[in-house]
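Asks: next input, structure requested:
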Amino acid sequence: MGHGHGEPFKIPHHSIYNNYKGFPELANHERRLAQVGLKDPWIRNYVYLYDKEYPHVRGQWAHFKRLIMPGWKLGVGAAVALIAVEELYSFAKTGQTSWDAHH
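Replies: Next comes the predicted model:
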């Protein structure tokens, strides 16, 4: 489906998620399970939930800023330009703008 352009998608090796003991939440989870005699063989599958490399872990505000900030200046500039053009057109056509009082 990629038509041979660029490099194909690489599936990461499962061993990169064996670092779950480096995350306090997962290490505590493993310790609590061990206290009752249980073991979670799939604990490494939860590494992505606590890894700060992923945007959803950084916090909602940081994720929101990362989504909004790149286009913020362009968006505000486009909005101001559109309002100015609309008001100038309205003034040229009717002799008043939407900012004038309509009482």
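Asks: where is the longest helix in the protein?
Replies: For the chain, the helix reaching the highest residue count under DSSP state H is reported as helix 72-94.
Asks: list of residues touching it?
Replies: Residues lying outside helix 72-94 but in contact with it, judged by Cβ atoms under 8 Å, 6 or more residues apart in numbering, are 96-99. Heads up, the C-betas are built off the backbone N, CA and C, glycines and all.
Asks: in this structure, which spans are strands?
Replies: Assignment of strands within the chain using DSSP state E yields no ranges at all.
Asks: which residue ranges make up the domains of it?
Replies: For the chain, whose domains are defined here by automatic domain parsing, the residue ranges read 7-51, 58-103.
Asks: starting at the chain centroid, how far to the longest one?
Replies: Going by Cα atoms, centre = their mean, to the nearest Å, the spacing between the C-alpha centre of domain 58-103 and its chain's C-alpha centre is 24 Å.
Asks: for this structure, what are the low-confidence residue spans?
Replies: For the chain, the stretches flagged by pLDDT under 70 are 1-9, 12, 54-60, 63, 101-103.
Asks: before we move on, the earlier item: can I get the domains of the chain in CSV with mean neighbour count?
Replies: As requested, these are arranged in CSV below (neighbours: other Cβ atoms under 10 Å):
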stretch, mean neighbour count
domain 7-51, 11
domain 58-103, 10
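Asks: returning to that earlier point: which one of the contacts of helix 72-94 is nearest Val36?
Replies: Ser98 (68.4 Å; Cβ to Cβ).
Asks: residues touching the residue nearest to Tyr17 when sequence neighbours are not counted, list them.
Replies: Across the structure, with Cβ to Cβ, 6 or more residues apart in numbering as the measure, the residue nearest Tyr17 apart from its sequence neighbours is Arg44 (4.1 Å). Applying Cβ under 8 Å, 6+ apart, we find Arg44 in contact with 14, 17-18, 20.
Asks: switch the cut-off to 6 Å
Replies: Contacts for Arg44 (Cβ atoms under 6 Å, 6 or more residues apart in numbering) come out as 17-18, 20.
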